[in-house]
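Engineer: sequence first, then the predicted structure:
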Amino acid sequence: MFQQRLLAAAALASAVLLLSGHHAEAQQMLAQSQGQNWFIPNQPHPGPERRAPARGHAAQPPPLAEAAPPAEAAPPAAQEQIQVQLPPAPPVPDVPHGALPPASVIGVLSVPDVLRASVAYQAADKTIAQRRQKLNDDAEQEQAKLRDLGQELANDRSKLSAEQIRAKEKELQDRIADSRRSFTERNRIIQEQGQYALLQIQRTLSEVVQKVAVSRGMNLVLQRAEVAVNIPEFDITPEVTEILNKALPSVVIPAEGVSPVSTSPVAAAASPTKAASPTKAAASSPQKRP
């Protein structure tokens, strides 16, 4: 987004401004469960769908908070099997007969479809997108200001003493460093706000899935994209979506510039019973970062 947009002034070619903005790992509902192909009722983190859902649905919606791509796991190196004489194997005791597990009553669920239809997700995603755009605009304006300052310094070099040039260069370098810190901090807070919204949706969605599964006598809910064949009667996605929208029409998002992990009043007061719309929540906190 705004990374690498803020450039050092032309007169200080060696000072390169990089707005790194590396994002903290997502505590997102979907990113937290990479590699999990099923969802058991009462488990807090439903797994993401790995391939396109059935029935022509679009791919998984983008998360509110961008997550850094997971590092590719290197394939294990092929190991040559050694030829040795093993010691005698220990005796393995017989296992007595135990109780049989209950018969599986299975349902299927599409979490991405639920998120796409979630009014709370849509509102929060719009708010986070607006804050990202404002950050981009501010970064571009700061870039232009730094460029002008660098050009001004270059034009005035012949009129300044060596001491004055050093002072101007230090002033510009400090401005670059301050800008880098400010924009990196603002980007981090936006990512945390997106994760904060997703966690609220995740918490309620987990409870909704649990209750819908219990109401239908289900003891195992699978991700729909991982099921080769199923009938509509197995799919609880529409019912889960309807109940989620009734239970959680909006989420709390801290005011612009306020991190949810801080001790701000917004973060401290956030609870399911005090949930407010993103705009209302943003206006309720007096704390704001530059």
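Structural biologist: Looks like it arrived, so ask away. None of the values given here were measured: they were computed from a predicted structure.

Engineer: contacts, neighbours, all on C-alpha from now
Structural biologist: Fine.

Engineer: the helix or strand where residue 188 lies packs against which elements?
Structural biologist: Secondary-structure assignment from DSSP states H and E places residue 188 in helix 162-215. Using 3 or more CA pairs under 8 Å, 6 or more residues apart in numbering; DSSP states H and E as the contact definition, the elements that helix 162-215 packs against are helix 119-156, helix 237-247.

Engineer: do you know the pLDDT at residue 94?
Structural biologist: We have a pLDDT of 95 for residue 94.

Engineer: same question, residue 257
Structural biologist: Looking at residue 257, its pLDDT stands at 91.

Engineer: distance check, it against residue 132.
Structural biologist: Relative to residue 132, residue 257 is positioned 11 Å away (CA to CA, to the nearest Å).

Engineer: overlap in contacts, these two.
Structural biologist: Overlap between the contact sets of residue 257 and residue 132, as judged by CA atoms under 8 Å, 6 or more residues apart in numbering, is given by residue 190.

Engineer: re earlier: so for residue 189, which of the helices and strands packed on helix 162-215 sits nearest?
Structural biologist: Between residue 189 and the helices and strands packed on helix 162-215, the shortest separation by CA to CA is 10.2 Å, and it involves helix 119-156.

Engineer: compute the number of surrounding residues for the residue nearest to residue 105 when sequence neighbours are not counted.
Structural biologist: In space, residue 105 comes closest to residue 218 once its chain neighbours are excluded; the distance is 4.7 Å by CA to CA, 6 or more residues apart in numbering. Residues lying near residue 218 (other CA atoms under 10 Å) number 20.

Engineer: is it true that residue 218 touches residue 103?
Structural biologist: No - look at residue 218 against residue 103 with CA atoms under 8 Å: they stay out of range, at 9.9 Å.

Engineer: from residue 159, how far out is residue 195?
Structural biologist: Spatial separation of residue 195 from residue 159 under the definition CA to CA is 52 Å.

Engineer: neighbour count winner among these two?
Structural biologist: Legend: neighbour count by other CA under 10 Å for residue 195 and residue 159, higher for residue 195 (25 against 10).

Engineer: for that one, report the pLDDT, please.
Structural biologist: Reported pLDDT at residue 195 in the predicted model: 95.

Engineer: before we move on, back to that, and the residue nearest to residue 105, what does it touch?
Structural biologist: Applying CA under 8 Å, 6+ apart, we find residue 218 in contact with 104-107.

Engineer: would you mind measuring from it to residue 230?
Structural biologist: Taken as CA to CA, the spacing of residue 218 relative to residue 230 amounts to 15 Å.

Engineer: and what of residue 107?
Structural biologist: As judged by CA to CA, residue 107 and residue 230 stand 9 Å apart.

Engineer: try residue 148
Structural biologist: Taking CA to CA as the criterion, residue 148 is separated from residue 230 by 63 Å.

Engineer: could you do residue 168 as well?
Structural biologist: 70 Å.

Engineer: which one's more surrounded, these two?
Structural biologist: Between residue 168 and residue 230, counting by other CA under 10 Å, residue 168 is the more crowded of the two (17 against 12).

Engineer: my guess is that one contacts residue 153. True?
Structural biologist: Yes - under the criterion of CA under 8 Å, residue 168 is in contact with residue 153, at a separation of 7.3 Å.

Engineer: next, show the common contact partners of those two.
Structural biologist: Common neighbours of residue 168 and residue 153 (CA under 8 Å, 6+ apart) do not exist.

Engineer: confirm that residue 108 sits in a helix.
Structural biologist: No - checked against DSSP: H, G, I helix; E, B strand; the rest coil, residue 108 lies outside a helix; its state is strand.
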